[in-house]
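J.: please find the sequence and the predicted model below.
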Amino acid sequence: MSDDDRALDRVLALELVRVTERAAVAASRLTGRGDEAAADQAAVDAMRRELNALDIDGTVVIGEGERDEAPMLYIGEKVGTGKGPAVDIALDPLEGTTITAKAMPNALAVIALAEAGSLLHAPDVYMDKIAIGSGYEDGVVDLDRSAAENIASLAEAKGVPVSEITACILDRPRHGETIAAVRECGAAVNLIGDGDIAGVINTTNPDETGVDIYMGVGGAPEGVLAAAALRCIGGQMQGRLVTSSAEQKERARRMGIEDFDRKFSMHEMASGDVIFAATGVTDGSILEGVKTRGKKMYTDTVVMRSSTGTTRWIKAEHTKLSKFY
């Protein structure tokens with residue numbers, strides 16, 4: 001890699017901060033208003049506008065829908081000026097639409113950027129996921145094991161009793177058996193209403209978050225974004241698409257996926273040089289939400305890069321609020 005390439009990467013990392021900041025600010029104006037669609041659309045519009053100002057030849061490979069859902073940032077959409085490097089983009093302009101509408105914690109504006117061909121092209125379907133932080137040998141957890149087996153294996157690897165393990169799981173009826181199994185084996189459960197990207201990232205800092213393992217079925221787009229974050233900060237993750245209809249299988253086939261039982265590793269979901277950025281919309285376990293005080297606005301962002309292992313926490317003060325709208 002030349003010095004010019006490295007400089008370009010550094011510039012892109014900082015540019016992505018602006019992209020997520022603007023999306024977060026736009027969504028935050030609708031916090032607590034009860035309108036999920038309006039909050040999501042505001043974030044989408046802001047993120048699209050900022051992406052199209054970047055000197056990249058970008059393709060959205062993980063988005064909020066597919067080509068027939070043009071108002072969203074759809075899978076296959078081209079973004080950027082077309083004058084820069086070819087890159088894959090995974091994004092969720094508002095991770096936690098319900099969270100934002102109800103003014104609850106952990107809503108984020110999220111994006112990942114990688115070299116073209118580096119991010120898994122997956123349809124907007126469900127994905128079964130399991131993730132832990134860094135510092136463990138490969139294979140400590142596995143999607144093909146039961147919840148109890150994974151909890152016991154992680155406890156052994158961590159050198160603690162099962163009672164000191166906490167699993168983060170989305171609070172959904174489909175997870176009833178998993179939740180019961182985790183509790184039955186003696187571990188604790190941290191139920192979250194939404195925001196499984198934050199749930200996965202929380203496994204990387206269990207001393208602060210209290211979360212040791214993430215498990216359960218959530219969105220495939222969020223799965224790829226979470227894998228991109230773990231590539232930057234360390235951890236293990238597996239994902240398997242959950243395709244419950246012929247139409248969903250056909251959509252997956254159009255993206256090159258033929259084996260619907262395949263377990264994707266973190267490196268298969270996000271390879272190459274990855275840059276990940278997220279800005280808080282509402283206060284959460286990772287980031288503070290957007291704050292407006294008088295004529296100033298405050299944002300809290302994390303930006304990471306896999307090739308350098310660098311994580312930057314950026315607390316920004318903005319005085320020209322009109323530029324955000």
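T.: Thanks, I have it. Computed from a predicted model, the values in this text were never measured in an experiment. Numbers count the residues shown, from 1 in each chain.
J.: now do the closest residue to Ala187 other than its chain neighbours against Gly32, distance only.
T.: Leaving aside its chain neighbours, Ala187 sits nearest to Ile165 (4.4 Å; criterion: CB to CB, 6 or more residues apart in numbering). Quick note: C-beta positions are derived from backbone N, CA and C, even for glycine. To Gly32, Ile165 is 34 Å away according to CB to CB, to the nearest Å.
J.: quick one: which of those two has more around it?
T.: Ile165 (22 against 13; other CB atoms under 10 Å).
J.: what pLDDT does that one get?
T.: What the model reports for Ile165 is a pLDDT of 98.
J.: surely it meets Ala188?
T.: Yes - with contacts counted by CB atoms under 8 Å, Ile165 reaches Ala188, the gap being 7.2 Å.
J.: in what helix or strand does the nearest residue to Arg145 once chain neighbours are set aside lie?
T.: With CB to CB, 6+ apart as the criterion, Arg145 has its nearest non-adjacent residue at 7.3 Å, and that residue is Ser153. Assigned by DSSP states H and E, Ser153 falls within helix 147-158.
J.: if you count contacts, what does that helix end up packed against?
T.: helix 176-184, strand 213-219 (3 or more CB pairs under 8 Å, 6 or more residues apart in numbering; DSSP states H and E).
J.: closest one to Leu54 among those?
T.: Nearest of these to Leu54, taken as CB to CB: strand 213-219 at 25.0 Å.
J.: show me what the closest one is packed up against.
T.: Against strand 213-219 (3+ CB pairs under 8 Å, 6+ apart) you get strand 126-132, helix 147-158, strand 166-170, helix 176-184, helix 196-202.
J.: run the chain-centre distance for the fourth one.
T.: Put plainly, it is helix 176-184. 25 Å (CA atoms, centre = their mean, to the nearest Å).
J.: name the residues that touch that helix?
T.: Ser146, Ala147, Ala148, Ile151, Ala167, Ile169, Ala188, Val189, Leu191, Met215, Gly216 (CB atoms under 8 Å, 6 or more residues apart in numbering).
J.: pretty sure the last one sits against Asp128.
T.: By that I understand Gly216. Yes - counting by CB under 8 Å, Gly216 touches Asp128, with 7.4 Å between them.
J.: which of those two has more neighbours?
T.: Gly216 (22 against 17).
J.: secondary structure class for Glu222?
T.: Classification of Glu222 by DSSP: H, G, I helix; E, B strand; the rest coil places it in helix.
J.: if I pick it, what's in contact with it?
T.: Asp92, Glu95, Met127, Asp196, Ile197.
J.: out of the residues you listed, which is nearest to Ala53?
T.: In terms of CB to CB, no member of those lies closer to Ala53 than Asp92, at 19.7 Å.
J.: what's across from that closest one in the sheet?
T.: Val110 (DSSP bridges).
J.: for it, give its distance to Asp283.
T.: Asp92 is 18 Å from Asp283, by CB to CB.
J.: ok, those two, which is more surrounded?
T.: Asp92 (28 against 17).
J.: distance check, the more buried one against Asp45.
T.: Taking CB to CB, one finds Asp92 at 14 Å from Asp45.
J.: which stretches of the stretch 1-150 of the chain form strands?
T.: Remark: strands assigned in the stretch 1-150 of the chain by DSSP state E, counting those that start in this stretch are 57-62, 78-79, 86-95, 108-115, 126-132.
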